[in-house]
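In: Would you be able to build a 3D model of this:
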Amino acid sequence: MGEPNNALKVYMNRPDRIKSVLEYYLGARLPSDWKCEATGGFVTVRNSKGKLSFRERDFLGKAQAWGVRFLLGLENQDSINLTYPWRLMELDYLTYGREIERIQERNVYNEVKYGVEDDFKYRYRKDDCLRPVLNLTLYWGRKKWKKPQTLKDMMGSMERLPKKLQRLAGDYRVHMVCMREIPDEDIQKMDSDLRYVLGIMKRTASPKQYREYIWKNRAYFSKMPKSAVDVIDACTNIKNITEKLEYTFNAESGEEETNMCKALDEIERNAVKRGLKKGVKQGVKQGALMMLFSLVNDGLLNVGEAARRAKLSKDAFCTKMTKAGYKKPI
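Out: Purely as a prediction, here's the structure:
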């Protein structure tokens, strides 16, 4: 996915932001035992020729809630991917495969005794359990994602097959949150700065709206983390602001911060200066034109010469002169 995905991957790799999006998805607060710690989402793959490649999740964490331990996978998408259900299934296949290998290695290391119901051949006991992998996809794009949302969406029509045979085709579903479609009332409930990032992303179509939003929430935007700026820079069209930002390191948060309000103020002051300069220039030009009108009207200058000085055609000069209230020159 490139730059947007890299910015989103860094930004969403923080517990408070993950908590905000999960609570929106659930429609309820997470329990007091909620924990989530990032773990390696990097998996190596060897093809049939022995060549190594790799797959990597945007985020994979060891999580706990309601007394249950599980793996939490978050994937960021800023554009529609027509092979996405298969891609997500592949990531889970590799993650579960790694889980099975770890259980097998642990059983070998502990020299476990296998019972009659255990699987000695695959070094797997009846009581061994996989941690479930729970996946949530965060879609940040502008275009509406309709399909594919399941593996079967990628398949051709199977309608001619008997229903019993159709059921033999396995499916895989994508669970998705469309980030730009989250209602404002739900955004306001978020405890992390995700509320401000989503707030400004929903307003970037109107310069007036996003500027008003920045000033209204100046307490946050005057000390905005660079990871949040990177997301806005990659996913919106307000580069006229982000290009003017300066950063300072905050030792407490361990992240660079910037004052977006200061940059916005500078942009607005420069715009006023340009407007005044343009107004003065236009005023001088208009005054000079009125003087030429008076000279022609008093017979002190012929129309052709006046039009040349005004850098206008003779007809255009005469039209402007009559609109200014002077008699049409002969």
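
In: Point out where the stretch 101-250 of the chain drops to low pLDDT.
Out: By pLDDT under 70, the low-scoring segments of the stretch 101-250 of the chain are 237-240, 242.

In: run the last query once more with 80
Out: 204-208, 236-245 (pLDDT under 80).

In: Now do the helices for the stretch 1-150 of the chain: every range, in order, please.
Out: Here the stretch 1-150 of the chain has its helices, by DSSP state H, counting those that start in this stretch, at 3-11, 15-26, 84-109.

In: any idea of the pLDDT on the closest residue to Leu72 other than its chain neighbours?
Out: The shortest distance from Leu72 to any non-neighbouring residue, by Cβ to Cβ, 6 or more residues apart in numbering, is to Ala63 (4.2 Å). Glycine gets a C-beta too; all of them are placed from N, C-alpha and C. If you check Ala63, the pLDDT there is 94.

In: Ala63: neighbour count?
Out: Neighbour count for Ala63, taken as other Cβ atoms under 10 Å: 22.

In: So what sits opposite it in the bridge?
Out: Cys36, Phe70 (DSSP bridges).

In: show me the contacts for it.
Out: By Cβ atoms under 8 Å, 6 or more residues apart in numbering, the residues touching Ala63 are 34-37, 69-72, 134.

In: Give me the distance between Asp265 and Arg211.
Out: Separation of Asp265 from Arg211 (Cβ to Cβ, to the nearest Å) stands at 10 Å.

In: follow-up on the earlier one: make JSON lines out of the helices of the stretch 1-150 of the chain and add mean neighbour count and distance to Phe249.
Out: Below are those laid out as JSON lines (neighbours: other Cβ atoms under 10 Å; distance: least, Cβ to Cβ, whole Å):
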{"stretch": "helix 3-11", "mean neighbour count": "19", "distance to Phe249": "16"}
{"stretch": "helix 15-26", "mean neighbour count": "18", "distance to Phe249": "20"}
{"stretch": "helix 84-109", "mean neighbour count": "15", "distance to Phe249": "35"}
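
In: picking up where we left off before, put the buried members of the contacts of Ala63 into a ChimeraX selection.
Out: Applying 16 or more other Cβ atoms under 10 Å to the contacts of Ala63, the buried members can be selected in ChimeraX as follows:
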select :34,36,70,71,72
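
In: okay if I get the helices of the stretch 1-150 of the chain as JSON lines plus distance to Ser157?
Out: Below are these laid out as JSON lines (distance: least, Cβ to Cβ, whole Å):
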{"stretch": "helix 3-11", "distance to Ser157": "33"}
{"stretch": "helix 15-26", "distance to Ser157": "32"}
{"stretch": "helix 84-109", "distance to Ser157": "17"}
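
In: among these, which is nearest Asn302?
Out: Closest of the helices of the stretch 1-150 of the chain to Asn302 is helix 3-11, at 62.5 Å (criterion: Cβ to Cβ).

In: which helices and strands does the closest one pack with?
Out: The helices and strands touching helix 3-11, judged by 3 or more Cβ pairs under 8 Å, 6 or more residues apart in numbering; DSSP states H and E, are strand 68-77, helix 226-235.

In: what's the domain layout of this protein?
Out: 3-192, 194-258, 264-323 (automatic domain parsing).

In: So what's the gap between the first one and the chain middle?
Out: Between the centre of domain 3-192 and the centre of its chain there are 20 Å (Cα atoms, centre = their mean, to the nearest Å).

In: Brilliant, that's me finished.
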